[in-house]
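Peer 1: below is the sequence, then the predicted model.
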Amino acid sequence: MATLKDIGISAAINLSSAFMFLLAFAVLRLQPFNDRVYFPKWYLKGIRGSPTNSRSAVKKFVNLDTGTYIRFLNWMPAALHMPEPELIDHAGLDSTVFIRIYFLGVKIFAPITLLAFMVLVPINWTGKTLEAPAAKDLTFSDIDKLSISNVPLGSKRFWAHIGMSYVFSAWTCYSLYKEYMIIATMRLRFLASERRRPDQFTVLVRNVPPDMDESVSEHIEHFFCVNHPDHYLMHHCIAAEHSNQCSRFPTILLKHIS
(Lines give C-alpha, C1' and ligand atoms only; values in the text may rest on other atoms or scores of the structure.)
Protein backbone atom coordinates (compact mmCIF):
# COMPACT_ATOMS: atom_id res chain seq x y z
CA MET A 1 0.00 0.00 0.00
CA ALA A 2 1.46 3.32 -1.07
CA THR A 3 0.53 6.67 0.42
CA LEU A 4 1.20 10.25 -0.59
CA LYS A 5 3.70 10.45 2.25
CA ASP A 6 5.64 7.46 0.90
CA ILE A 7 5.71 8.96 -2.59
CA GLY A 8 6.80 12.32 -1.20
CA ILE A 9 9.66 10.76 0.80
CA SER A 10 10.81 8.76 -2.23
CA ALA A 11 10.70 11.86 -4.44
CA ALA A 12 12.63 13.88 -1.85
CA ILE A 13 15.37 11.24 -1.60
CA ASN A 14 15.73 10.99 -5.37
CA LEU A 15 15.74 14.75 -5.91
CA SER A 16 18.27 15.26 -3.11
CA SER A 17 20.54 12.55 -4.53
CA ALA A 18 20.30 14.05 -8.02
CA PHE A 19 21.15 17.52 -6.70
CA MET A 20 24.12 16.19 -4.72
CA PHE A 21 25.53 14.39 -7.77
CA LEU A 22 25.01 17.52 -9.89
CA LEU A 23 26.73 19.66 -7.28
CA ALA A 24 29.65 17.21 -7.02
CA PHE A 25 30.00 17.19 -10.82
CA ALA A 26 29.92 20.99 -10.94
CA VAL A 27 32.61 21.34 -8.27
CA LEU A 28 34.91 18.68 -9.73
CA ARG A 29 34.52 20.06 -13.26
CA LEU A 30 35.84 23.45 -12.16
CA GLN A 31 38.99 22.14 -10.48
CA PRO A 32 42.26 22.61 -12.45
CA PHE A 33 43.45 19.02 -11.99
CA ASN A 34 40.29 17.74 -13.75
CA ASP A 35 40.48 20.21 -16.63
CA ARG A 36 41.88 17.72 -19.13
CA VAL A 37 39.19 15.19 -18.19
CA TYR A 38 36.25 17.51 -18.92
CA PHE A 39 37.74 19.46 -21.86
CA PRO A 40 39.81 16.94 -23.87
CA LYS A 41 38.74 18.17 -27.31
CA TRP A 42 39.79 21.71 -26.45
CA TYR A 43 43.28 20.47 -25.57
CA LEU A 44 43.50 18.43 -28.77
CA LYS A 45 42.58 21.50 -30.81
CA GLY A 46 45.06 23.65 -28.89
CA ILE A 47 42.45 26.25 -27.85
CA ARG A 48 42.79 25.63 -24.13
CA GLY A 49 45.85 25.68 -21.92
CA SER A 50 46.36 23.77 -18.71
CA PRO A 51 45.42 25.81 -15.61
CA THR A 52 47.84 23.71 -13.56
CA ASN A 53 50.69 25.76 -15.05
CA SER A 54 49.85 28.54 -12.59
CA ARG A 55 52.72 29.68 -10.39
CA SER A 56 50.57 29.41 -7.26
CA ALA A 57 50.71 25.92 -5.75
CA VAL A 58 47.13 26.18 -4.47
CA LYS A 59 45.70 27.30 -7.82
CA LYS A 60 47.16 24.21 -9.47
CA PHE A 61 44.65 22.04 -7.59
CA VAL A 62 41.81 24.32 -6.39
CA ASN A 63 39.78 26.87 -8.35
CA LEU A 64 39.64 30.01 -6.20
CA ASP A 65 37.40 32.00 -8.56
CA THR A 66 34.08 32.20 -6.68
CA GLY A 67 32.28 33.56 -9.74
CA THR A 68 32.62 30.24 -11.58
CA TYR A 69 30.88 28.43 -8.70
CA ILE A 70 27.93 30.85 -8.90
CA ARG A 71 27.59 30.35 -12.66
CA PHE A 72 28.24 26.60 -12.60
CA LEU A 73 24.93 25.79 -14.38
CA ASN A 74 25.34 28.27 -17.23
CA TRP A 75 26.66 25.56 -19.55
CA MET A 76 23.41 23.58 -19.43
CA PRO A 77 21.09 25.99 -21.33
CA ALA A 78 23.94 26.81 -23.70
CA ALA A 79 24.40 23.10 -24.53
CA LEU A 80 20.65 22.53 -24.98
CA HIS A 81 20.28 25.44 -27.39
CA MET A 82 23.47 24.76 -29.35
CA PRO A 83 22.94 23.32 -32.89
CA GLU A 84 23.93 19.67 -33.11
CA PRO A 85 26.78 20.11 -35.65
CA GLU A 86 28.30 22.79 -33.44
CA LEU A 87 27.79 20.68 -30.32
CA ILE A 88 29.51 17.70 -31.96
CA ASP A 89 32.47 19.88 -32.88
CA HIS A 90 32.48 21.46 -29.41
CA ALA A 91 31.95 18.45 -27.12
CA GLY A 92 31.97 15.37 -29.32
CA LEU A 93 29.43 12.91 -30.73
CA ASP A 94 28.94 11.06 -27.43
CA SER A 95 27.82 14.23 -25.65
CA THR A 96 25.33 15.02 -28.41
CA VAL A 97 23.88 11.50 -28.28
CA PHE A 98 23.70 11.72 -24.47
CA ILE A 99 21.58 14.86 -24.68
CA ARG A 100 19.35 13.24 -27.32
CA ILE A 101 18.75 10.33 -24.93
CA TYR A 102 17.30 12.74 -22.36
CA PHE A 103 15.01 14.28 -24.94
CA LEU A 104 14.04 10.78 -26.09
CA GLY A 105 12.89 9.97 -22.55
CA VAL A 106 10.67 13.05 -22.53
CA LYS A 107 9.39 12.22 -26.03
CA ILE A 108 8.42 8.70 -24.96
CA PHE A 109 7.05 9.20 -21.46
CA ALA A 110 5.27 12.56 -21.79
CA PRO A 111 2.60 11.27 -24.24
CA ILE A 112 2.33 7.98 -22.34
CA THR A 113 1.75 9.79 -19.04
CA LEU A 114 -0.82 12.13 -20.57
CA LEU A 115 -2.69 9.25 -22.22
CA ALA A 116 -2.62 7.17 -19.03
CA PHE A 117 -4.12 10.01 -16.99
CA MET A 118 -6.78 10.62 -19.63
CA VAL A 119 -7.81 6.97 -20.15
CA LEU A 120 -6.55 4.58 -17.47
CA VAL A 121 -6.80 6.72 -14.34
CA PRO A 122 -10.55 7.49 -14.76
CA ILE A 123 -11.25 3.81 -15.54
CA ASN A 124 -9.38 2.61 -12.46
CA TRP A 125 -10.74 5.33 -10.16
CA THR A 126 -14.35 4.52 -10.99
CA GLY A 127 -13.88 0.76 -10.58
CA LYS A 128 -15.06 0.83 -6.94
CA THR A 129 -13.66 -2.66 -6.29
CA LEU A 130 -11.61 -1.66 -3.24
CA GLU A 131 -14.63 0.11 -1.74
CA ALA A 132 -17.02 -2.82 -2.26
CA PRO A 133 -18.48 -4.57 0.82
CA ALA A 134 -16.68 -7.78 -0.13
CA ALA A 135 -13.35 -5.97 0.25
CA LYS A 136 -14.04 -4.45 3.66
CA ASP A 137 -11.09 -6.27 5.21
CA LEU A 138 -8.64 -4.79 2.71
CA THR A 139 -6.36 -1.92 3.69
CA PHE A 140 -5.81 0.59 0.91
CA SER A 141 -5.18 4.26 0.26
CA ASP A 142 -6.46 6.74 -2.31
CA ILE A 143 -3.35 6.05 -4.40
CA ASP A 144 -4.40 2.40 -4.72
CA LYS A 145 -7.69 3.51 -6.28
CA LEU A 146 -5.70 4.76 -9.28
CA SER A 147 -4.25 1.29 -9.93
CA ILE A 148 -5.60 -1.70 -11.81
CA SER A 149 -6.42 -3.39 -8.48
CA ASN A 150 -9.55 -1.21 -8.30
CA VAL A 151 -10.98 -2.77 -11.48
CA PRO A 152 -13.55 -5.58 -10.86
CA LEU A 153 -12.51 -9.13 -11.76
CA GLY A 154 -13.69 -10.06 -15.24
CA SER A 155 -14.66 -6.47 -16.10
CA LYS A 156 -14.52 -5.20 -19.68
CA ARG A 157 -12.42 -2.32 -18.34
CA PHE A 158 -9.40 -4.58 -18.67
CA TRP A 159 -9.65 -4.19 -22.44
CA ALA A 160 -8.62 -0.57 -21.97
CA HIS A 161 -5.46 -1.70 -20.19
CA ILE A 162 -4.69 -4.23 -22.92
CA GLY A 163 -5.26 -1.64 -25.64
CA MET A 164 -3.13 0.96 -23.89
CA SER A 165 -0.30 -1.56 -23.40
CA TYR A 166 -0.18 -2.05 -27.18
CA VAL A 167 -0.34 1.70 -27.77
CA PHE A 168 2.46 2.36 -25.26
CA SER A 169 4.65 -0.42 -26.71
CA ALA A 170 4.07 0.72 -30.30
CA TRP A 171 4.89 4.34 -29.47
CA THR A 172 8.04 3.33 -27.56
CA CYS A 173 9.29 1.08 -30.39
CA TYR A 174 8.53 3.74 -33.00
CA SER A 175 10.34 6.45 -30.99
CA LEU A 176 13.37 4.21 -30.45
CA TYR A 177 13.45 3.24 -34.13
CA LYS A 178 13.36 6.87 -35.30
CA GLU A 179 15.96 7.92 -32.73
CA TYR A 180 18.36 5.10 -33.59
CA MET A 181 18.04 5.97 -37.27
CA ILE A 182 18.97 9.58 -36.51
CA ILE A 183 21.89 8.59 -34.26
CA ALA A 184 23.19 6.06 -36.81
CA THR A 185 23.08 8.73 -39.51
CA MET A 186 24.89 11.20 -37.23
CA ARG A 187 27.58 8.61 -36.49
CA LEU A 188 28.13 7.82 -40.17
CA ARG A 189 28.41 11.52 -41.03
CA PHE A 190 30.80 12.04 -38.13
CA LEU A 191 33.05 9.18 -39.24
CA ALA A 192 32.92 10.36 -42.86
CA SER A 193 34.02 13.86 -41.85
CA GLU A 194 36.90 12.65 -39.67
CA ARG A 195 40.41 12.01 -40.89
CA ARG A 196 40.95 8.37 -41.86
CA ARG A 197 42.69 6.25 -39.23
CA PRO A 198 44.15 2.74 -39.63
CA ASP A 199 42.06 1.35 -36.76
CA GLN A 200 38.87 2.11 -38.71
CA PHE A 201 39.83 -0.49 -41.32
CA THR A 202 41.29 -3.19 -39.10
CA VAL A 203 39.76 -6.66 -38.86
CA LEU A 204 40.41 -9.18 -36.09
CA VAL A 205 40.58 -12.73 -37.49
CA ARG A 206 40.27 -15.67 -35.12
CA ASN A 207 40.71 -19.46 -35.38
CA VAL A 208 42.99 -19.44 -38.42
CA PRO A 209 43.22 -23.05 -39.71
CA PRO A 210 46.71 -24.52 -39.34
CA ASP A 211 48.95 -25.30 -42.31
CA MET A 212 51.73 -27.85 -42.12
CA ASP A 213 53.88 -26.08 -44.72
CA GLU A 214 53.53 -22.46 -43.50
CA SER A 215 53.52 -20.60 -40.23
CA VAL A 216 50.38 -18.77 -39.17
CA SER A 217 51.85 -15.42 -40.27
CA GLU A 218 52.90 -16.77 -43.69
CA HIS A 219 49.58 -18.51 -44.14
CA ILE A 220 47.65 -15.27 -43.48
CA GLU A 221 49.81 -13.19 -45.79
CA HIS A 222 49.55 -15.76 -48.58
CA PHE A 223 45.77 -16.01 -48.24
CA PHE A 224 45.09 -12.25 -48.37
CA CYS A 225 47.64 -11.55 -51.09
CA VAL A 226 45.96 -14.15 -53.30
CA ASN A 227 42.29 -13.50 -52.49
CA HIS A 228 42.26 -9.77 -51.57
CA PRO A 229 45.31 -8.18 -53.21
CA ASP A 230 43.60 -4.81 -53.76
CA HIS A 231 42.67 -4.25 -50.11
CA TYR A 232 45.27 -6.06 -48.02
CA LEU A 233 47.99 -3.88 -46.49
CA MET A 234 49.55 -5.78 -43.62
CA HIS A 235 48.82 -7.92 -40.60
CA HIS A 236 50.01 -8.17 -37.05
CA CYS A 237 49.81 -11.33 -34.97
CA ILE A 238 49.25 -11.18 -31.23
CA ALA A 239 51.84 -13.26 -29.40
CA ALA A 240 50.39 -16.31 -27.70
CA GLU A 241 50.44 -16.39 -23.93
CA HIS A 242 53.70 -17.79 -22.49
CA SER A 243 55.10 -17.94 -26.03
CA ASN A 244 56.86 -15.70 -28.50
CA GLN A 245 55.22 -17.40 -31.48
CA CYS A 246 52.37 -15.85 -33.43
CA SER A 247 48.98 -17.01 -32.15
CA ARG A 248 45.87 -17.58 -34.22
CA PHE A 249 44.47 -14.13 -33.43
CA PRO A 250 45.97 -11.82 -36.09
CA THR A 251 44.86 -8.24 -36.72
CA ILE A 252 44.43 -7.55 -40.43
CA LEU A 253 44.74 -4.01 -41.81
CA LEU A 254 42.75 -3.48 -45.01
CA LYS A 255 42.54 -0.52 -47.37
CA HIS A 256 39.41 1.62 -47.38
CA ILE A 257 36.69 0.11 -49.57
CA SER A 258 34.52 2.89 -51.03
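Peer 2: Thanks, I have it.

Peer 1: now the residue positioned nearest the centre of the chain: how far from Gly8?
Peer 2: Residue closest to the average C-alpha location in the chain (C-alpha atoms, centre = their mean): Phe98, at 5.5 Å. Here Phe98 is placed at a distance of 30 Å from Gly8 (C-beta to C-beta, to the nearest Å). C-betas here are computed from N, CA, C, even on glycine.

Peer 1: same question for Val119.
Peer 2: Distance from Val119 to Gly8, counting by C-beta to C-beta: 26 Å.

Peer 1: show me which of these two is the more surrounded one.
Peer 2: Set Val119 next to Gly8 and count neighbours by other C-beta atoms under 10 Å: Val119 wins out with 15 against 10.

Peer 1: isn't the more buried one up against Ser165?
Peer 2: No. Contact between Val119 and Ser165 fails when scored by C-beta atoms under 8 Å: they sit 11.6 Å apart.

Peer 1: low-confidence ranges, the stretch 151-258 of the chain, go.
Peer 2: 196-201, 237-258 (pLDDT under 70).

Peer 1: ranges for the strands of it?
Peer 2: 202-204, 232-239, 246-254 (DSSP state E, counting those that start in this stretch).

Peer 1: give the next helix or strand downstream of whichever strand or helix holds Leu23.
Peer 2: Using DSSP states H and E, Leu23 sits within helix 4-29. For helix 4-29, the succeeding helix or strand toward the C-terminus, using DSSP H and E, is helix 35-38.

Peer 1: so how far is Leu80 from Ala110?
Peer 2: From Ala110 to Leu80 the distance is 16 Å (C-beta to C-beta).

Peer 1: quick one, helices of the chain?
Peer 2: Assignment of helices within the chain using DSSP state H yields the ranges 4-29, 35-38, 40-45, 66-70, 75-81, 84-91, 93-115, 121-125, 158-193, 216-227.
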